[in-house]
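Participant: Could you work out the structure for the sequence below:
(one chain, ligands or ions: 1)
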Amino acid sequence: MGLELYLDLLSQPCRAVYIFAKKNNIPFEFKHVELFKGQHYREEFGKVNILKKVPALKDGVFTLAESTAILLYLSRKYNTPDHWYPSDTQKRARVDEYLSWHHTNIRGNAGKPLWIKVFIPLITGQTLPPEKLQEVMDELAIALKQFEEKFLQDKLFIVGNEISLADLMAIVELMQPIGVGDIFEDRPKLSEWRNRVEEAVGKELFQEVHKLILNIKELSNIQIDPQLKEHLAPMLRKMMK
Ligand SMILES: N[C@@H](CCC(=O)N[C@@H](CS)C(=O)NCC(=O)O)C(=O)O
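Facilitator: Numbers count the residues shown, from 1 in each chain. I've put the predicted structure just below:
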């Protein structure tokens, strides 16, 4: 049994894993787990990831959750080019530094605008006041300022002159709010970095993987799984407050 990747390309960390595997010609079977259909609650998927989240990996009898761990596993197993996760100790530490900061700062904030503007209305039928969107956009702006000042500075990529796992994890998150508002528009440094990342990944692959998120409005007539609604209810109540 070969490598299987369980993904939904609406999910940011899934896009990072997909891009990484495709870009590095890693052979895998794409196992589509549609979150809005609640397919991650199926018993079969629970055997791959007891946490019931995507991305997840299955390689023979070995299973693995968490995007960062999956990317590192793939980079080691397939001996991918060094720039993704440099062997130089200090460069590698810079990737680790970004990845440690990423989850609570970029990931913690970049997904929210889409929830406020698209997913919550879709799931609950309720539209939230514009101030709610403004609130999360303001929080994201703080994270973006730190991203530019601390991690990007005046470099081409987060770790010098080549793309690494840090850039990959960052870009997939920063593409998430794009259907709601263009966060790159008034940020030339961020926008130029995005172009470089897109170029390094390959424009065709980049567009392919972001097709769903760039056409997010087409989701408006999707049927949401009732179990998913129930599972999300506490989180939604918190976000709607
Ligand atoms: N820390 C995890 C996050 C995984 C995660 O939150 N996945 C979301 C999609 S972006 C998910 O599967 N959510 C389903 C749910 O919580 O019901 C990673 O980086 O892989």
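
Participant: Secondary structure element holding Leu57?
Facilitator: strand 56-59 (DSSP states H and E).

Participant: Need the pLDDT of Met1.
Facilitator: In this model, Met1 is scored at 76, pLDDT.

Participant: The helix or strand Thr68 falls within and the ligand, any residue contact?
Facilitator: Using DSSP H and E, Thr68 maps to helix 67-77. Yes: against the ligand, helix 67-77 shows contacts by Cβ under 6 Å from any ligand atom at Ser67. The way it works is simple: take the backbone N, C-alpha and C, and place the C-beta from them, glycine included.

Participant: what comes up buried for the helix or strand that that helix is followed by?
Facilitator: Next helix or strand after helix 67-77 toward the C-terminus (DSSP H and E): helix 89-102. Residues 91-92, 94-95, 98-99, 101-102 are the ones in helix 89-102 that count as buried (16 or more other Cβ atoms under 10 Å).

Participant: on that earlier part again, how far is the helix holding Thr68 from where the chain is centred?
Facilitator: 15 Å (Cα atoms, centre = their mean, to the nearest Å).

Participant: Throw the buried residues of helix 89-102 into a markdown table and include distance to Thr80 and pLDDT, thanks.
Facilitator: As requested, these are exported to a markdown table (distance: Cβ to Cβ, whole Å; pLDDT from 0 to 100):
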| residue | distance to Thr80 | pLDDT |
| --- | --- | --- |
| Lys91 | 15 | 98 |
| Arg92 | 14 | 98 |
| Arg94 | 18 | 98 |
| Val95 | 13 | 98 |
| Tyr98 | 18 | 98 |
| Leu99 | 16 | 98 |
| Trp101 | 23 | 98 |
| His102 | 20 | 98 |
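
Participant: Among those residues, which one sits closest to Leu165?
Facilitator: Val95 (5.7 Å; Cβ to Cβ).

Participant: coming back round to it: tell me which strands the strand holding Leu57 pairs with, and in which orientation.
Facilitator: Neighbouring strands of strand 56-59 in its sheet, by DSSP bridges, are strand 3-7 (antiparallel), strand 62-65 (antiparallel).

Participant: Is the ligand within reach of it?
Facilitator: No: Strand 56-59 stays clear of the ligand (Cβ under 6 Å from any ligand atom), getting no nearer than 8.2 Å.

Participant: who's in contact with Cys14?
Facilitator: Applying Cβ atoms under 8 Å, 6 or more residues apart in numbering to Cys14 gives the contacts 7-8, 54-55, 67.

Participant: so where does it fall, helix or strand?
Facilitator: helix 12-23.

Participant: Report whether that helix contacts the ligand.
Facilitator: Yes: residues of helix 12-23 are located near the ligand by Cβ under 6 Å from any ligand atom, namely 12-13.

Participant: just the angle between that helix and strand 3-7, please?
Facilitator: 140 degrees (axes from the mean of the first three to the mean of the last three Cα atoms, to 10 degrees).

Participant: Name the next helix or strand downstream of helix 12-23, please.
Facilitator: Trace forward from helix 12-23 with DSSP H and E and the next one is strand 29-32.

Participant: tell me the mean pLDDT for that following strand?
Facilitator: pLDDT averaged over strand 29-32 gives 98.

Participant: Please determine how far Leu7 is located from the ligand.
Facilitator: From Leu7 across to the ligand, the span is 10 Å (Cβ to the nearest ligand atom, to the nearest Å).
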